[in-house]
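>>> structural data only, the sequence is not supplied:
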């Protein structure tokens, strides 16, 4: 968290998905400070002191009235440059995770289609039950493939794979 002190140049209220969100600007500082759903207890022209993280999200309980002072930032480099880099890194991780999931799902559909066409999966007589079997198969394969894509941990081994490896070792 970085500590900020300055004069509020503008307060902003906007609606988003049925919620009122509040934010404000400080004179002499670039960036919009976000309060979320917390209603500001200050007005434009007030001099305040507060703490905010690198993404300029304010800790509402840290806001206090301050003596008239020019806008200052303790650790300004971290508050501006790092915030963007951290935001982009998180956005890139989320984007890559979504791409991996989409790829795993697409591959699962193709493998399920192949398994059904070749008769590897016994389909029930009722059409409604066939639907459930296909969805379950695609869901299971998607999870399996997605876990194999995961970068932060080893691929999971199913019980069937473990049993096959164990029987191969016994022979």
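Okay, I see it. The model shown is predicted, which means the values in this text are computed figures rather than measured ones.
>>> tell me the buried residues in the longest helix seen in the chain?
Longest helix in the chain by number of residues (criterion: DSSP state H): helix 83-117. Neighbour-count burial for helix 83-117 flags 83, 100, 104-105, 107-108, 111-112, 116 (criterion: 16 or more other C-beta atoms under 10 Å). C-betas here are computed from N, CA, C, even on glycine.
>>> helices or strands up against it?
When contacts are defined as 3 or more C-beta pairs under 8 Å, 6 or more residues apart in numbering; DSSP states H and E, helix 83-117 sits against helix 127-149.
>>> pLDDT averaged over the helix it packs on - what is it?
Across helix 127-149, pLDDT averages out at 89.
>>> which residues touch that helix?
Helix 127-149 has contacts (C-beta atoms under 8 Å, 6 or more residues apart in numbering) with 100-101, 103-105, 107-109, 111-112, 115-116, 121, 123-124, 155-156, 158.
>>> mind checking how far residue 41 is from residue 65?
9 Å (C-beta to C-beta, to the nearest Å).
>>> kindly report the same for residue 40.
To residue 65, residue 40 is 12 Å away according to C-beta to C-beta.
>>> look at the two and report which has more neighbours.
A direct count of neighbours by other C-beta atoms under 10 Å for residue 40 and residue 65 places residue 40 higher, at 20 against 10.
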